[in-house]
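Enquirer: this is a predicted model, with the sequence first.
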Amino acid sequence: LDADNYETDPCLKEIRRAENYSWMDIVTIHKDKLPNYEEKIKTFYEEHLHLDDEIRYILEGSGYFDVRDKDDKWIRISMEKGDMITLPAGIYHRFTLDENNYVKAMRLFVGEPVWTAYNRPADDFPARKQYMKFLAEEAH
């Protein structure tokens with residue numbers, strides 16, 4: 001995606017239309033830009049899940065999303081300017097900055113944003129059970 005022209009990027013516009021991403025904001029994660037920076041960074045790095053998909057589009061900077069594979073092992077996903085990721089509801093994950101300690105990202109949601117993170121263990125939520133069922137089906 002064209003992060004320099006995200007406001008007019010036709011590809012982003014089409015993704016938002018097709019996926020019904022009706023709400024968005026922009027967050028800057030840097031010690032001089034994010035209130036309670038140290039606390040937030042620790043929270044982002046706690047292994048957690050959400051009951052809705054988490055969609056992030058990197059406009060500037062870089063960082064890592066860590067996710068668990070079907071065998072519960074970590075996979076590190078490097079994210080940089082122009083990258084978009086959708087983490088499905090129910091997947092355990094965490095986020096951290098890289099050595100640049102800076103990222104500016106667009107957060108996208110279907111409908112109103114829901115910010116609640118459920119730290120592991122959170123296996124009893126229907127979103128987690130549905131995600132695990134999806135993994136089992138994909139394995140076959």
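Expert: Received it, and whenever you're ready, just let me know what you need.
Enquirer: give the buried residues for the longest helix along the chain.
Expert: Looking across the chain with DSSP state H, the single longest helix is helix 126-139. The neighbour-count check on helix 126-139 (16 or more other Cβ atoms under 10 Å) flags 127-128, 131, 135 as buried. Placement of C-beta: from N, CA and C, glycine included.
Enquirer: repeat that for stretch 20-28.
Expert: Within stretch 20-28, the residues that qualify as buried are Y21, counting by 16+ other Cβ under 10 Å.
Enquirer: list the contacts for the nearest residue to E54 once chain neighbours are set aside?
Expert: Leaving aside its sequence neighbours, E54 sits nearest to L87 (Cβ to Cβ, 6 or more residues apart in numbering; 4.2 Å). L87 makes contact with 50, 53-56, 65, 67, 93 under the criterion Cβ atoms under 8 Å, 6 or more residues apart in numbering.
Enquirer: can I get the longest helix of the chain in CSV? Just the C-alpha atoms.
Expert: C-alpha atoms of helix 126-139 as CSV (Å, rounded to 0.1, in the frame of the first residue of the first chain):
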residue,chain,number,x,y,z
PRO,A,126,-16.2,-18.1,21.7
ALA,A,127,-13.7,-16.1,19.5
ARG,A,128,-10.8,-18.2,20.8
LYS,A,129,-12.8,-21.5,20.3
GLN,A,130,-13.8,-20.4,16.8
TYR,A,131,-10.1,-19.5,15.9
MET,A,132,-8.9,-22.9,17.2
LYS,A,133,-11.6,-24.7,15.2
PHE,A,134,-10.4,-22.7,12.1
LEU,A,135,-6.8,-23.9,12.8
ALA,A,136,-7.9,-27.5,13.1
GLU,A,137,-9.8,-27.3,9.8
GLU,A,138,-6.8,-25.7,8.0
ALA,A,139,-4.5,-28.5,9.3
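Enquirer: pLDDT on the strand ranked longest in the chain, on average?
Expert: Identified as the longest strand of the chain according to DSSP state E is strand 54-68. Here strand 54-68 scores 98 as its mean pLDDT.
Enquirer: show me where the chain has its strands.
Expert: Taking DSSP E as the test, the strands found in the chain are 23-29, 48-49, 54-68, 74-80, 84-87, 93-97, 103-109, 118-119.
Enquirer: could those go into CSV alongside distance to R16?
Expert: Output for the strands of the chain, formatted as CSV (distance: least, Cβ to Cβ, whole Å):
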stretch, distance to R16
strand 23-29, 8
strand 48-49, 24
strand 54-68, 10
strand 74-80, 19
strand 84-87, 11
strand 93-97, 22
strand 103-109, 7
strand 118-119, 26
